[in-house]
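Enquirer: When you get a sec, could you give me coordinates for this:
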Amino acid sequence: MGMCETDKYHTIAALRKKMVKSVDDLDIGHVIDVVFNEEFQIHSFILGGSRWEEFRERLGIIDDIDPVIDVSTIRSIDEDVIQLSIAKSRIPHKLQEDVIPENAFIYSSMKRKKIVDTLENKFGKIVNLGVLPCGEPIFVIGGTWFEELSERLGFKENVDLLLPSSKIESIDEKTIKLNVPLDKLNLTVDNKPMTAEEQREYFNSLKVKGAVEVRLLERSQVAEFKQATEFH
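Expert: Predicted structure coming up:
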């Protein structure tokens with residue numbers, strides 16, 4: 001089962017601030033990472049507790065037993081709460097067998113990989129993640145390589161790229177490979193980047209799976225948009 005549908009899109013930063021609650025109204029934790037399946041759709045969220053607890057886990061003082069919630073167990077995403085449909089006692093943790101599939105991809109790891117097209121041209125990295133009202137993920141591509149590409153294409157403003165997960169062909173240890181060449185992404189100065197308000201309206205309009213398209217985003221406006229909607 002896929003991600004639940006919502007009335008508006010959510011950013012990864014906004015999701016991280018929401019408390020995850022079990023059906024028996026117990027606090028479970030906050031989202032700290034995202035797990036994707038082979039089709040690059042959201043499989044589950046990894047949760048963490050307090051910052052002190054996370055720090056102790058990194059030092060190896062306590063076992064890293066972060067809870068993992070399958071997206072099929074999410075009943076609703078509200079202003080401050082991600083409400084689950086299962087009890088706290090039934091929530092597994094990431095060290096348990098098969099909780100995170102062997103062929104899964106982790107968001108924090110994906111952000112470190114370079115992105116290449118079908119011709120192996122490298123042009124950016126994932127810098128952002130959002131979840132559309134239809135439940136599909138969207139990735140924002142940026143970084144030094146994309147800045148250089150934008151300059152070569154003649155863009156005067158700083159831009160990022162909205163990339164649907166459907167454009168990803170494969171992921172290996174070092175790269176995320178797209179299923180299209182760069183020249184098929186419509187990266188031209190005639191493709192006017194979306195302003196902050198246009199981004200907000202467009203993301204919230206995507207209530208049907210498969211409807212999202214590759215778009216250019218004004219990065220300067222994204223910074224302002226980030227303050228308003230926590231898009232990072």
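Enquirer: My read is that residue 171 contacts residue 177, right?
Expert: Yes: with contact defined as CB atoms under 8 Å, residue 171 reaches residue 177; the gap is 7.3 Å. (Glycine included, C-beta is placed from N, CA and C.)
Enquirer: What's the separation between residue 97 and residue 166?
Expert: Residue 97 sits 31 Å away from residue 166 when distances are taken as CB to CB, to the nearest Å.
Enquirer: quick one, which of these two is more surrounded?
Expert: residue 166 (17 against 6; other CB atoms under 10 Å).
Enquirer: just checking, the more buried one is part of a strand?
Expert: No: the assignment for residue 166, made by DSSP: H, G, I helix; E, B strand; the rest coil, is helix rather than a strand.
Enquirer: tell me the contacts of it?
Expert: residue 210 (CB atoms under 8 Å, 6 or more residues apart in numbering).
Enquirer: separation between residue 104 and residue 42?
Expert: 10 Å.
Enquirer: Same check on residue 183?
Expert: Taking CB to CB, one finds residue 183 at 30 Å from residue 42.
Enquirer: tell me the domain boundaries of this structure?
Expert: 10-107, 111-229 (automatic domain parsing).
Enquirer: got those domains as CSV, with mean pLDDT columns?
Expert: Shown next, in CSV, are those (pLDDT from 0 to 100):
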stretch, mean pLDDT
domain 10-107, 88
domain 111-229, 86
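Enquirer: Do me a favour and get the end-to-end distance for stretch 91-108?
Expert: 22 Å (CA to CA, to the nearest Å).
Enquirer: ok so, going back, neighbour count for residue 183 and residue 42, which is higher?
Expert: For residue 183 versus residue 42, neighbours defined as other CB under 10 Å are more numerous around residue 42 (21 against 11).
Enquirer: My assumption is that residue 147 lies in a helix; please confirm.
Expert: Yes: when three-state DSSP is applied, residue 147 is found to be in a helix.
Enquirer: Spit out the residues that contact residue 104 and residue 42 alike.
Expert: 35-36.
Enquirer: Just the C-alpha atoms of stretch 6-22, please, in CSV.
Expert: Backbone C-alpha positions of stretch 6-22 (Å, rounded to 0.1, in the frame of the first residue of the first chain) are rendered in CSV as follows:
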residue,chain,number,x,y,z
THR,A,6,-3.4,14.4,2.0
ASP,A,7,-5.1,17.7,1.4
LYS,A,8,-1.7,19.4,0.6
TYR,A,9,1.9,18.6,-0.1
HIS,A,10,4.4,18.2,2.7
THR,A,11,8.1,18.9,2.9
ILE,A,12,10.6,16.6,4.6
ALA,A,13,11.4,19.5,7.0
ALA,A,14,7.7,19.9,7.9
LEU,A,15,7.3,16.1,8.4
ARG,A,16,10.3,16.0,10.7
LYS,A,17,8.6,18.5,13.0
LYS,A,18,5.4,16.5,13.5
MET,A,19,5.1,14.1,16.3
VAL,A,20,4.2,10.5,15.2
LYS,A,21,1.5,9.1,17.4
SER,A,22,0.2,5.5,17.7
